[in-house]
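Asker: Please work out how this folds:
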Amino acid sequence: MSSPLLAHRVDGEGAPGRPPLLLLNGGFMSMASWEPLAAPLAERHRVVRCDLRGQLLSPGPPHRDLAANVDDVAALIDHLGIDRVDVLGTSFGGEVGLLLAARRPERVARLVVVTASDHATESMRQGAHELRAVVAEVLAGGDRGRFHDALVAAVYSPAFAEQNAGVLAARRLQLGALPDAWFAAADGLVAAVEDFDLRPELGAIRCPALVVVAADDRVMPPERGRALAAAIPGARLAEHPTSGHALVAEQPAWLVEEVVGFLESLDGGTGGHGGPPLRLPPDREADAEEAEHRTGGPLQSLEDPGPGRRGGPLQSLEDPGQGRRGGPLRPPGAGGT
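Answerer: Predicted coordinates for the structure are as follows:
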């Protein structure tokens, strides 16, 4: 019996002959977390977003085996009638993207992996163990805010956390609205990356690849991202000098430029990115003018208070006019961990 389809949405038209761009969430993201990137990317690409198994809107618990997500993603691509995709994945979603490119090479045209690792190091395993211990306390009736505090300390650079202290404090209060099922799923997502090792798989990736690392990443350290790039034949490497692990949140405009530059260089572009000028959503325009001091929204998984608060389960938002839903305290730039 096949698994239920992943919740998803599709935006943009894309140029004829250009593969759609599939965005794969970090562990505690929802598909709405990509909006500061998806909006400008959809001006050039057909953009597909989804929640992976165990994330906010997709049915079913998370897979204990990281590779099982590949089958879910392939089933979604089949459902949408897509032969090949470009993939942009961050953190957990970056690991899934790597496995998709290694095991289903005919489905991936180009790959961008952001703040990911080639394997779980001892420090990563320890961090996962500590986070799961916090989740266990929450599920036993403990302070839910401790989970938020642990996550913020790990995924954001100190400068970003300081600049967004007020919003982060408000998000901490929102945590109480999330059901126990969300925390149980979070535990399962962390468990799936507690001991992964993709090093035997990386040599099988044959598509053009860009690996993006963040200098202040304390979850998946930049040296692991550099090793990841070195292990993928012909991969390029880009590094942000100040961001923490949540690069999608901290530096969305910078990341859009890197992704577009990489993809369009392979389309035969000359560095000018072709097509219309890149435009961020209106609430990001000021950030684009101060590239080294952009701020984004924090804890992306908290922008939606729970699966039951949107009027029932969501399977698809293929109409670009749908899904532009609000959400409590959804500041500019909610992004990835």
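Asker: any idea whether Leu237 is helix, strand or coil?
Answerer: strand (DSSP: H, G, I helix; E, B strand; the rest coil).
Asker: same deal with Val135?
Answerer: Classification of Val135 using three-state DSSP returns helix.
Asker: so who does the residue nearest to it when sequence neighbours are not counted touch?
Answerer: Nearest non-adjacent residue to Val135, counting by Cβ to Cβ, 6 or more residues apart in numbering: Asp187, 4.5 Å away. In this view, the C-beta of every residue, glycine as well, is placed from N, C-alpha and C. Residues counted as contacts of Asp187 (Cβ atoms under 8 Å, 6 or more residues apart in numbering) are 132, 135-136, 139.
Asker: One more: Asp195?
Answerer: With contact taken as Cβ under 8 Å, 6+ apart, Asp195 is in contact with 120, 125.
Asker: is it true that it lies in a strand?
Answerer: No - the assignment for Asp195, made by three-state DSSP, is coil rather than a strand.
Asker: Remind me which helix or strand Glu264 belongs to.
Answerer: Counting by DSSP states H and E, the element that carries Glu264 is helix 252-266.
Asker: for Gln174, same thing?
Answerer: Gln174 belongs to helix 165-174 when assigned by DSSP H and E.
Asker: Now that helix: average pLDDT?
Answerer: Mean pLDDT, helix 165-174: 92.
Asker: Just the terminal-to-terminal distance for stretch 225-236.
Answerer: Stretch 225-236 stretches 11 Å from its first residue to its last (Cα to Cα, to the nearest Å).
Asker: That stretch: which residues count as buried?
Answerer: Residues of stretch 225-236 classed as buried: 225, 227-229, 231-232, 235 (neighbour count, 16 or more other Cβ atoms under 10 Å).
Asker: what do you get for stretch 237-252?
Answerer: Neighbour-count burial for stretch 237-252, counted by 16+ other Cβ under 10 Å, picks out 237-240, 243-252.
Asker: Kindly list the main-chain dihedrals of the residue nearest to Val135?
Answerer: Torsion angles at Asp187 (phi, psi; degrees, to the nearest 10) stand at phi -60, psi -40.
Asker: What of Leu139?
Answerer: Note on Leu139: its backbone torsions stand at phi -70, psi -20 [degrees, to the nearest 10].
Asker: Surely it touches Ala185?
Answerer: No - using Cβ atoms under 8 Å as the test, Leu139 is too far from Ala185 to be in contact (11.2 Å).
Asker: Which of the two has more residues huddled nearby?
Answerer: Applying other Cβ atoms under 10 Å to Leu139 and Ala185 shows that Ala185 carries more neighbours, namely 24 against 15.
Asker: and that one, that one's in a strand?
Answerer: No - read with three-state DSSP, Ala185 is helix and lies in no strand.
Asker: what about the helices in the stretch 101-250 of the chain?
Answerer: Using DSSP state H, counting those that start in this stretch, the helices of the stretch 101-250 of the chain run over residues 122-139, 145-155, 158-163, 165-174, 180-192, 199-202, 222-231, 247-250.
Asker: now for these, which one comes closest to Ala68?
Answerer: Closest approach to Ala68 among the helices of the stretch 101-250 of the chain (Cβ to Cβ): helix 180-192, 8.6 Å.
Asker: Show me which residues of the closest one are buried.
Answerer: Using 16+ other Cβ under 10 Å as the burial criterion, the residues of helix 180-192 that qualify are 182-183, 185-192.
Asker: quick check: angle from it to helix 122-139?
Answerer: Relative orientation of helix 180-192 and helix 122-139, computed by axes from the mean of the first three to the mean of the last three Cα atoms, to 10 degrees: 160 degrees.
Asker: Between helix 145-155 and helix 180-192, find me the angle.
Answerer: 40 degrees.
Asker: about what we covered before: CA atoms only: put the helix holding Gln174 into PDB for me.
Answerer: In PDB, the C-alpha atoms belonging to helix 165-174 read as follows (Å, rounded to 0.1, in the frame of the first residue of the first chain):
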ATOM      1  CA  ALA A 165      15.300  39.000  20.300                       C
ATOM      2  CA  GLY A 166      11.800  40.500  20.500                       C
ATOM      3  CA  VAL A 167      10.400  38.300  17.800                       C
ATOM      4  CA  LEU A 168      12.100  35.200  19.200                       C
ATOM      5  CA  ALA A 169      10.600  35.900  22.600                       C
ATOM      6  CA  ALA A 170       7.100  36.100  21.000                       C
ATOM      7  CA  ARG A 171       7.800  32.900  19.100                       C
ATOM      8  CA  ARG A 172       8.700  31.200  22.400                       C
ATOM      9  CA  LEU A 173       5.300  32.000  23.700                       C
ATOM     10  CA  GLN A 174       3.700  30.500  20.600                       C
END
